[in-house]
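A.B. asks: return atomic coordinates for the entry below.
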Amino acid sequence: MNPGQPPGRSNVMSYPMPCPRRPGYLWTPPYLYLAVALALTCADQAAAQVVVRQVIIGGQAQPVAVTQAGVPGQPQPGQPPADTAPAGPAVHTIEGERIPGRPIALQDGHLLLPTEPIRRIPLHDVDRVEFAGLAELKAHWLGQDGPDFVQPGAAVGPNGVPDIHIRLSGLAFDTPVKQIVLACHNSTLRSVWRLDPARTPNWKLHLEQLPGTDVADIYVEPDAQDAFGHDFTLTVLYQDNRLSRTRFKAATHTSNAPAGGTPQQPAATPAAQTAPGSPSGAVQPPSEQPAAGQAAAEQSSPERSAPPTGGQPSPEQAGEVMVHGQGPLKLRGRLVQMTDTSLTLTASWGGELTIPLREARALQWLASSTPDALQKFQTALANPAVEDTLLVRGRDQAVSLVQGTASGFSDGRLQFGFEGTSGNIAQSRLVGLVFAAGPPQPAAREPFQLVVLATGDQLPGVWTGLSEDTLELTTAWGQRAVLPTSIIAQVQFRNGRLVYLSDLEPAEVEEFGYFGRTFAYRCDQALDGGPLRLAGKAYRKGLAVHARSVLSYDLDGPYAAFRTWLGFSDSAAEQGRVAVRILGDGRELFQQPDFRAVDDQGKRSAPLAIEVPLHGVKRLTLEVDFGEHEDVGDRLIWADARLYRAVDAGQTTGSEGPPP
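C.D. replies: Predicted coordinates:
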């Protein structure tokens, strides 16, 4: 078959559901799906929660609460948290209560909630506050700048034709993407690419997402028609069924010719108003038909001789950096200047922050974050040198690492000295700057809050004020920051009465595989990088490990209890079989010598709800050892692994009544 014409191309539009333009199918209007979704959302929440629990635990063995420590809110056997949390603003307490609605004020160390009567929740009893802010999905056209991941149809791998490269920002950073649909609306038809093109005639879309951020790169095979100036629509469907959409225009010419070759010749056009060699040639509905003469005007427009093939980031995009800080600081913005003591950043919400360099580990120029560049940057970030490490592109666009001293940044240029020389480097060539390794910073011991933006940016500090539209924070370095609540996803509380183990660094790690292959533990994600999942439920916090794994944590104060759900990852093989122990100062607090992924009846083992007392314990150790089947399938998750501090005498817990 001619590569220019994929199988399944049709002269009708490709729809994800049956439609009247495909004879023999019944069509359901899209607005009906929306109406059903709204009706379900407005249904009685209590009844919905009962149904969810029946789905989750029906037909499964009951989890076992192994020990009881007498701490309020202990996990109850057979009742794990619901798999899908209700959406919208809410306050989550350390005991697992979810209170719908956004706080209305911060007063005297308490959050005031819009309940009747008004409730006051002490800050030390809050786990997190969901503001549910949203980021705006944006697409930046980079054109055919070299990478080659996909081919016509659903085939993957290089074929010599540079892919069209589009950079996305504003993706949900904390929710996996289920589907992406990219549609090109040219003069007579609509071409479509999909992340998962199964059961469609559409072509494959390749996704490269930067972990933990809202930034991603997508790549598609160009079709036979030049896309320059045409409108594109991009739709993202997330695992929680949220949708996000944006529209943009192609900023460069495109060609389906191999690099340095001539365009591939498609087969004869099978019908009028279709394009050969397209992901899915389709006649546009009347509302999308171009105005008369539009196609001819585009063909004769002098703008068609403008950008050739590869797009370049705008000056503003070229100057956008991500500051990787000490601890949880991770903030993007436009780098204004840098001295030998601080850097000044115009943050995404427009506020200007001056960050001491002692708070920063590295700068990453996002416009240059291609997959190969990102890998080199992450390696340098994980292994800082005794000097500053600069990642810079040469004339051939290859990324080189240079060690020296960064002395400043101004007017879009970095001052950098190495091997006795110094120079000014344009930021369009910069990939990253990893600052020289310094003395280890002590972990924060005082309670603080972590403001997480809808983009995935993280700003630590102390929450000092709240109004209807803004949140006020005193940063870790003492600067006052005012952020619009519309861009805040959540505020997490750290070092309070509840402390997640995944937010702590273990004092000692012992890991090795049965056959010599070691799997390093991961925080807040599965070993394969996906979400933590036990028995079909996704967990926001936890530790993923593989036998053999021994993690030891030095406890920085008096704790009352440790709680967790323990189980085999949903991705683990049924042969999983391990020995598990929890130790406190070397003393056994819990043991399960033969924990299996599948029980004697052949059913998947339910997670264990574990709670052990920690009074007087200085070191907590979680041990997962090999079982009867070597280490096959030994992928375990310590889900919601958390410590509860001892309550001081006279300290109140829980919510209080209405304020005076």
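A.B. asks: distance check, Leu566 against Thr518.
C.D. replies: 21 Å (Cβ to Cβ, to the nearest Å). Every residue, glycine included, has its C-beta placed from N, CA and C.
A.B. asks: got it, and Ser428?
C.D. replies: 40 Å.
A.B. asks: tell me which of the two has more neighbours.
C.D. replies: Ser428 (16 against 10; other Cβ atoms under 10 Å).
A.B. asks: okay, now Leu527: neighbour count?
C.D. replies: So Leu527, with other Cβ under 10 Å, has 19 neighbours.
A.B. asks: so it sits against Ala572, correct?
C.D. replies: No: counting by Cβ atoms under 8 Å, Leu527 sits too far from Ala572 to count as a contact (9.3 Å).
A.B. asks: between those two, which contacts overlap?
C.D. replies: Shared contacts of Leu527 and Ala572, defined by Cβ atoms under 8 Å, 6 or more residues apart in numbering, are found at Arg635.
A.B. asks: distance of the nearest residue to Val323 once chain neighbours are set aside from Val215?
C.D. replies: Of all residues not flanking Val323 in the chain, Leu331 sits nearest, at 4.8 Å (Cβ to Cβ, 6 or more residues apart in numbering). As judged by Cβ to Cβ, Leu331 and Val215 stand 13 Å apart.
A.B. asks: repeat that for Cys523.
C.D. replies: 21 Å.
A.B. asks: same deal with Leu112?
C.D. replies: 36 Å.
A.B. asks: tell me which of those two has more neighbours.
C.D. replies: Val215 (23 against 18).
A.B. asks: next structured bit after the least confident helix or strand in the chain by mean pLDDT?
C.D. replies: Among the helices and strands of the chain, helix 45-57 carries the lowest confidence by mean pLDDT, DSSP states H and E, at a mean of 25. Using DSSP states H and E, the helix or strand that follows helix 45-57 in sequence is strand 90-93.
A.B. asks: could you spell out the sheet neighbours of that next one, each with its direction?
C.D. replies: strand 98-100 (antiparallel), strand 126-130 (antiparallel) (DSSP bridges).
A.B. asks: mean neighbour count, the ones you listed: which tops it?
C.D. replies: Neighbour counts (mean count of other Cβ atoms under 10 Å) averaged over each of the strands paired with strand 90-93 peak at strand 126-130, with a mean of 23.
A.B. asks: now for the very next helix or strand once past that one, which elements pack on it?
C.D. replies: Using DSSP H and E, the helix or strand that follows strand 126-130 in sequence is strand 138-143. The helices and strands touching strand 138-143, judged by 3 or more Cβ pairs under 8 Å, 6 or more residues apart in numbering; DSSP states H and E, are strand 164-169, strand 243-249.
A.B. asks: direction included, what does the last one pair up with?
C.D. replies: Here strand 243-249 is paired, per DSSP bridges, with strand 231-238 (antiparallel).
A.B. asks: got a list of what the nearest residue to Arg494 once chain neighbours are set aside touches?
C.D. replies: Nearest residue to Arg494 in three dimensions, chain neighbours excluded: Phe448, at 5.4 Å (Cβ to Cβ, 6+ apart). By Cβ under 8 Å, 6+ apart, the residues touching Phe448 are 460-462, 476, 494-495.
A.B. asks: can you redo these as CSV with pLDDT and neighbour count?
C.D. replies: Listed next are the contacts of Phe448 as CSV, based on pLDDT from 0 to 100; neighbours: other Cβ atoms under 10 Å:
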residue, pLDDT, neighbour count
Pro460, 96, 23
Gly461, 96, 20
Val462, 96, 15
Ala476, 92, 20
Arg494, 93, 18
Asn495, 90, 19
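A.B. asks: fine, thanks again, bye for now.
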